[in-house]
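**Q** This is a predicted model, with the sequence first.
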Amino acid sequence: MTPDTLFEKRYRQYRPEVQNFVARYVGNYSTAEDITHEIFIKVHKTTQWESVNEPRAYLFATARNHLINHFRQRANHQRDSTIEYDELRHGNGTPCEEMRIEARSDLRNLTAAIGSLSPRARKAFILSRIYRFSYSEVGRKMGISPRTVENHVAKGLLTCTRIMAEYNADPPQVAESNITDLVLHRKRLK
Amino acid sequence: MTKNSKNTYDKALIEASQWIAREGSGDMTSSEKAELENWLADNIDHQDAYLANSKTAELFDSISSHDRREELRMSAPEFNDLLGECEDLIMMEQVKYRRPINSFGWVATIAASVLMIAVSAILIFNGGSMATIYQTNVGDNETIMLNDGSIITLNTDTRISVALSDTERRILLEHGEAYFAVAKDNTRPFTVVIGDDIIRAVGTAFNIKRREEITKVTVTEGIVEVKTSAPTGASDKSEQISAPVSMLNVGEKLTIDQQGSRAIMLAPIDLEHTISWRTGMLHFNGERLGTVVREIQYYASKEIILASNQVSDLIVGGSFNTKNVTSFLKGLELTFPIKVIERDSVIIISYEKKQDDILSVSNW
């Protein structure tokens, strides 16, 4: 069996599962698809499939790593996300209705979570995460230290994450038929 | 999930939220970064907890762009209330007045002779070969580079005169809007004159928008001093002399109108949007359609007519490509109860109730 065919086999076998896992953390469907492809390609480039005893566990470990790197890079370039959003919006018009509905339930959950914080934590969190003031700017406005702002932000993130986790207990599943041609995707990446 | 593993995961969630908040400070030390790596490598719970919190952080990123935020404020009352609580902190007044004393010799001189400056400005700008006039047509914008290396971008329908001498660089903004990126030159102060108001930059970048009786100065780099004329009604000359000098820092916007002047601190994203006209984009932030139309009229060669007060009172928001006024208005037609009709020389916006209102934002 040539490595490519084993790769294709593993891909067909595990891709829906891996993509569901990715989609749990990446809201956008096409991003989840891209990241899943990247994960498989990464494994393919760095590993001999024949030598992997537990391909599933190995894939998931790679997926976690890859996602963590994805988020850490995003965190370092926070401003880029706005630009992407604006391009998306002006490129393709308004986002589709399906996305809007999902975004609305997310927004409702986040609003409720922030509302449950103490008034000071709430304000610090909103100024930092929605208006993107730096911790020291927020601290100056509120008369508290940047470190206290950071603690408020952590509390806010935690509260929201817990509520989102409860709400999204059943993440959407990727249907077999949604799998696009990997060869095409690899060409696109080049 | 057993009770024990649930507790472990919850502890991981708490720690992960602290790590992500730490990352958001932008001043993580290298040992903290290494510590985070180790923490992540520890076990899968840590990784999943980090991912779950990252997802939350990213959701907030996605709603923190100016447009998206304002769109959501309009559609989600609870969200709007939440943000409303912070308005006083965001709009916190940061005006710093400085008395015109000797350490600001040039200010004292100017303040003492407002009339003289008006006269000399005319002499410089209209009289000699020293002054150069730059002008843009409706809908255009243009970037010019001065001899000293300063760069000025003119927005739609803008006219400035530039006079460079050995002792000063003086710009008269007659009308319109311009962005100034000033080359440092301590021997020649860079000043912009708008009517009786004088804006002086110290190697810096700033935006000035002049609309009828209202002038807005926004600083994107460095420090800018603004000397405003006394409010109207103060005919007493002594009051003019003691007119305040505002010192503006990065992110501050000074509005000067007949009531006087007020400075506010802009959120970083709003600051970006103040100067996004340079790339052909305008952003509106939950404003009356009447106000929006008054602004976009500066970019449109056709007259835009609002058929009724009902239309001009609609609250709208969104992004607008300055090269395409009509498509922006047509876009509004999709979400608001209005009808946009374009003719040879006018665009008419009238009120029209939509048949299909089920997607109306008020259903949220």
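**A** Thanks, I have it. Numbers count the residues shown, from 1 in each chain, chains lettered A, B, ... in the order given.
**Q** In chain B, where's the longest strand?
**A** The longest strand of chain B (DSSP state E) is strand B:169-181.
**Q** Check which element follows that strand along the chain.
**A** Using DSSP states H and E, the next helix or strand after strand B:169-181 towards the C-terminus is strand B:190-194.
**Q** okay, whichever helix or strand comes after that next one in PDB with CA atoms only?
**A** Counting by DSSP H and E, the element after strand B:190-194 in chain order, helix or strand, is strand B:197-201. Extracted in PDB, the C-alpha atoms of strand B:197-201 (Å, rounded to 0.1, in the frame of the first residue of the first chain):
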ATOM      1  CA  ASP B 197      -8.900  78.200  15.500                       C
ATOM      2  CA  ILE B 198      -5.200  77.200  15.300                       C
ATOM      3  CA  ILE B 199      -3.900  73.700  15.500                       C
ATOM      4  CA  ARG B 200      -0.300  73.200  16.100                       C
ATOM      5  CA  ALA B 201       1.500  69.800  15.700                       C
END
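**Q** Quick check: which helices or strands does strand B:197-201 pack against?
**A** strand B:190-194, strand B:224-227 (3 or more Cβ pairs under 8 Å, 6 or more residues apart in numbering or on different chains; DSSP states H and E). Any C-beta I mention is one placed from the backbone N, CA and C, and that applies to glycine too.
**Q** Tell me who's in contact with the closest residue to B:I151 other than its chain neighbours.
**A** Distances taken as Cβ to Cβ, 6 or more residues apart in numbering or on different chains place B:A181 nearest to B:I151, at 4.5 Å, with adjacent residues excluded. The neighbours of B:A181, taking Cβ atoms under 8 Å, 6 or more residues apart in numbering or on different chains as the test, are B:150-152, B:205, B:221.
**Q** Type out the ChimeraX command that picks the buried ones from those.
**A** To isolate the buried members of the contacts of B:A181 in ChimeraX, using 16 or more other Cβ atoms under 10 Å in any protein chain shown:
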select /B:150,152,205
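**Q** Quick check: closest non-adjacent residue to B:V311.
**A** Spatial nearest neighbour of B:V311, chain neighbours left out: B:Y351 (5.0 Å); criterion: Cβ to Cβ, 6+ apart.
**Q** what about the one you found, how many neighbours?
**A** For B:Y351, the tally of surrounding residues (other Cβ atoms under 10 Å in any protein chain shown) stands at 17.
**Q** Please state the backbone phi and psi of the residue most central in space within chain A?
**A** In chain A, the centroid-proximal residue (Cα atoms, centre = their mean) is A:V26; its distance is 2.7 Å. Note on A:V26: its backbone torsions stand at phi -110, psi 110 [degrees, to the nearest 10].
**Q** on that earlier part again, now go through the contacts of B:A181 and say which are in helices.
**A** Assignment to helices by DSSP state H places none of these there.
**Q** Filter the contacts of B:A181 down to just the ones in strands.
**A** With strands defined by DSSP E, the entries of the contacts of B:A181 inside them are B:151-152, B:205, B:221.
**Q** Can you tell me which of these is nearest chain A?
**A** Using Cβ to the nearest Cβ, the shortest approach to chain A within those belongs to B:E221, at 16.4 Å.
**Q** Bridge partners for the nearest residue to the closest one once chain neighbours are set aside, pull those for me.
**A** Counting by Cβ to Cβ, 6+ apart, the nearest residue to B:E221 once its immediate chain neighbours are dropped is B:A205, at 3.9 Å. Beta-bridge pairing of B:A205 under DSSP bridges involves B:A181, B:E221.
**Q** mind giving me the domain split of chain A?
**A** A:3-78, A:97-189 (automatic domain parsing).
**Q** so what's A:H152 scoring on pLDDT?
**A** You'll see A:H152 listed with a pLDDT of 96.
**Q** in the stretch 201-350 of chain B, what spans have low per-residue confidence?
**A** Scanning the stretch 201-350 of chain B for pLDDT under 70 picks out B:202-203, B:230-243.
**Q** residue ranges for the helices of it, please.
**A** With helices called from DSSP state H, counting those that start in this stretch, the stretch 201-350 of chain B shows them at B:237-241, B:268-274, B:289-296, B:309-312, B:325-335.
**Q** does any bit of the second one sit next to chain A?
**A** Yes. Helix B:268-274 lies within reach of chain A by Cβ under 8 Å from any Cβ of the partner chain, at B:268-269.
**Q** quick check: domain ranges of chain B?
**A** Split by automatic domain parsing, chain B gives B:3-125, B:132-271, B:280-351.
**Q** okay if I get these as CSV plus distance to A:A113?
**A** Below are those laid out as CSV (distance: least, Cβ to Cβ, whole Å):
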stretch, distance to A:A113
domain B:3-125, 9
domain B:132-271, 22
domain B:280-351, 24
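**Q** right, and those domains - which one's nearest A:A124?
**A** domain B:3-125 (9.4 Å; Cβ to Cβ).
**Q** what is the mean pLDDT for that closest one?
**A** On average, domain B:3-125 scores 73.
**Q** What is the least confident helix or strand in chain A?
**A** helix A:78-92 (a mean of 37; mean pLDDT, DSSP states H and E).
**Q** quick one on the thing from earlier: can you list the helices of the stretch 201-350 of chain B in a markdown table and add distance to A:R162 and mean neighbour count?
**A** Below are those laid out as a markdown table (distance: least, Cβ to Cβ, whole Å; neighbours: other Cβ atoms under 10 Å in any protein chain shown):
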| stretch | distance to A:R162 | mean neighbour count |
| --- | --- | --- |
| helix B:237-241 | 59 | 12 |
| helix B:268-274 | 27 | 19 |
| helix B:289-296 | 40 | 18 |
| helix B:309-312 | 45 | 15 |
| helix B:325-335 | 34 | 17 |
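**Q** Tell me which of those helices approaches B:L59 most closely.
**A** Shortest separation from B:L59 across the helices of the stretch 201-350 of chain B is recorded for helix B:268-274, at 16.3 Å, computed as Cβ to Cβ.
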